[in-house]
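# Quick one: sequence and predicted model below, then my questions.
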Amino acid sequence: MKGNPLKDIENAIGSCTSLVELEKMRVSLFGKKGYFAAQFEELKKLDGEAKKEFAQNLNINKENFLELLNQKKSALESVMIEEQMRKSSVDVTLFNQESAAGALHPVMDTMDKIIEYFVSMNFSIEEGPLVEDDFHNFEALNLPKYHPARDMQDTFYFKDSMLLRTHTSPVQIRTMLKQSAPIRMICPGAVFRRDFDITHTPMFHQVEGLVVDKTGKVSFANLKFILEDFFKIYVWRCESTFPPKLFPFTEPSAEADISCIFCHGEGCRVCSHTGWLEVLGCGVVDPNVFKAVGYKDVSGYAFGLGVERFAMLLHQIPDLRSLFEGDLRLLEQFR
Ligand code: DAH
């Protein structure tokens, strides 16, 4: 760096393209054998006014170049960071052949399809808490204390007489207490019972239905129509029948059976050789239920179905428990 080096040095710093180059530049200026070391040697040779002036200029130049080096360093560093970020950013829109497509869990898929039908028939969707009290889960549903039917539902209790809801029926009560008739609702959701075998798990899902209107406007015939239509659309080719069954919250009460989707009524192991599969409970709302919520001059129907039961039947899953084990070999079949 001879002649008028100041401009050259400035240009050289400006044209450094990497931190390594810049460091070399710094050493060539400020190192033991660098430009400034040589300049200080020159200084020693001078005297008086000339020495003073030379020293002043030297210090100013030193400061300037240090400042220039620092500025260049920051500039190169931010370019490097930007470059790194650009390289490591992920384009989420790119198709990755390695990744497997996910799918809804068969229970959720079944639930969605059931909901879809009833929403298309103008039912609203209501929700209720999973931790319920005795009044909503039993009492208001015409299941007073010591009623034998309470034993049908093996309940998980908490200390303060709260419990995990054993069915979605308490949402009927909550909805009627919240609003007046007419009501046309379903409630999909999880329910809990102390039960565990090939067809029972401690947590499963139900969809509850309730329709209430002024006396005489809603009958068992309406209930039968909507369920038959649902079976035809959702299960497709099947017959249905409604043999009587006892539920405390409905009178008359019935179960709904569909013709066995495996043997089409011939009789097989799945339908215990009856030709029929029980798929839900239903009936005309018991007057005691309306009394509990203070409803007068109304009639209604209700039904409750088990979502897993439908999923098992439609997907031919023999053991209910396998649905909740998270085994990918099973779940991948529903993609
Ligand atoms: N809650 C009943 C159960 O869990 C199912 C049920 C039956 C619901 C009849 C109803 C009904 O609304 O009318 O077994």
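Ah, there it is. Residues are numbered from 1 along each chain as shown.
# The ligand versus Asp8, what's the distance?
Per C-beta to the nearest ligand atom, to the nearest Å, Asp8 is found 90 Å from the ligand. Where you see a C-beta, it was placed from the backbone N, CA and C, and this is true even at glycine.
# Write out the residues of the stretch 201-335 of the chain neighbouring the ligand.
Neighbours of the ligand within the stretch 201-335 of the chain, by C-beta under 6 Å from any ligand atom: Glu208, Phe247, Phe249, Thr250, Gly281, Cys282, Gly283, Ala302, Phe303, Gly304.
# one more time with 5 Å
Phe247, Thr250, Gly281, Cys282, Gly283, Ala302, Gly304 (C-beta under 5 Å from any ligand atom).
# I'd like these as JSON lines, with pLDDT and secondary structure appended.
Listed next are those as JSON lines, based on pLDDT from 0 to 100; DSSP: H, G, I helix; E, B strand; the rest coil:
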{"residue": "Phe247", "pLDDT": "95", "secondary structure": "coil"}
{"residue": "Thr250", "pLDDT": "97", "secondary structure": "strand"}
{"residue": "Gly281", "pLDDT": "97", "secondary structure": "strand"}
{"residue": "Cys282", "pLDDT": "98", "secondary structure": "strand"}
{"residue": "Gly283", "pLDDT": "98", "secondary structure": "strand"}
{"residue": "Ala302", "pLDDT": "98", "secondary structure": "strand"}
{"residue": "Gly304", "pLDDT": "98", "secondary structure": "strand"}
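# Make CSV from these and add neighbour count to it.
Output for these, formatted as CSV (neighbours: other C-beta atoms under 10 Å):
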residue, neighbour count
Phe247, 23
Thr250, 26
Gly281, 22
Cys282, 24
Gly283, 25
Ala302, 25
Gly304, 23
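# Closest to Cys187 out of these?
Distance to Cys187, by C-beta to C-beta, is smallest for Gly304 among those, at 9.1 Å.
# how about the nearest residue to that closest one, chain neighbours excluded?
Nearest non-adjacent residue to Gly304, counting by C-beta to C-beta, 6 or more residues apart in numbering: Glu208, 4.9 Å away.
# my guess is the one you found is in a helix, correct?
No. Counting by DSSP: H, G, I helix; E, B strand; the rest coil, Glu208 is located in no helix; its state is strand.
# these two touch, right, it and His167?
Yes. Glu208 is within contact range of His167, at 7.3 Å (criterion: C-beta atoms under 8 Å).
# what is in contact with those two at once?
Both Glu208 and His167 are contacted by Gly304, under the criterion C-beta atoms under 8 Å, 6 or more residues apart in numbering.
# for the one helix or strand Leu163 maps to, packing partners?
Taking DSSP states H and E as the criterion, Leu163 maps to strand 162-164. The contact analysis (3 or more C-beta pairs under 8 Å, 6 or more residues apart in numbering; DSSP states H and E) places strand 162-164 against strand 131-133.
# Could you give me the buried positions within the strand it packs on?
Glu132, Asp133 (16 or more other C-beta atoms under 10 Å).
# What strand or helix carries Val191?
If you go by DSSP H and E, Val191 is part of strand 183-192.
# List the strands paired with that strand, with their directions.
Sheet pairing for strand 183-192, assigned by DSSP bridges, gives strand 124-125 (parallel), strand 203-214 (antiparallel).
# Mean neighbour count, the ones you listed: which tops it?
Most buried of the strands paired with strand 183-192, by mean neighbour count (mean count of other C-beta atoms under 10 Å): strand 203-214, with a mean of 21.
# So for it, mean pLDDT?
Confidence for strand 203-214, expressed as mean pLDDT, is 97.
# Heading C-terminal from it, find the next helix or strand.
helix 220-230.
# In the stretch 101-250 of the chain, what residue comes closest to the ligand?
His167 (3.3 Å; C-beta to the nearest ligand atom).
# The closest residue to that residue other than its chain neighbours: what's it in contact with?
Of all residues not flanking His167 in the chain, Val191 sits nearest, at 5.3 Å (C-beta to C-beta, 6+ apart). For Val191, the contact set (C-beta under 8 Å, 6+ apart) comprises Leu164, Arg165, Thr166, His167, Thr168, Met203, Phe204, His205, Gln206.
# quick one: low-confidence ranges for the stretch 1-150 of the chain?
Along the stretch 1-150 of the chain, segments meeting pLDDT under 70 span 1-3, 98-100.
# domains in the protein, as residue ranges please.
Residue ranges for the domains of the chain, per automatic domain parsing: 6-88, 106-334.
# ok, and which of those domains has the densest surroundings?
Of the domains of the chain, domain 106-334 is the most buried (mean count of other C-beta under 10 Å), at a mean of 17.
# The nearest residue to Gly265 once chain neighbours are set aside and the ligand: what is the separation?
The spatial neighbour of Gly265 that comes closest, neighbours along the chain excluded (C-beta to C-beta, 6+ apart), is Gly275 at 4.1 Å. Gly275 sits at a distance of 22 Å from the ligand (criterion: C-beta to the nearest ligand atom).
# Gly275 contacts Ile261, doesn't it?
No. In this structure Gly275 lies outside contact range of Ile261 using C-beta under 8 Å: 11.0 Å.
# what's the helix or strand for Leu331?
Counting by DSSP H and E, Leu331 is part of helix 328-331.
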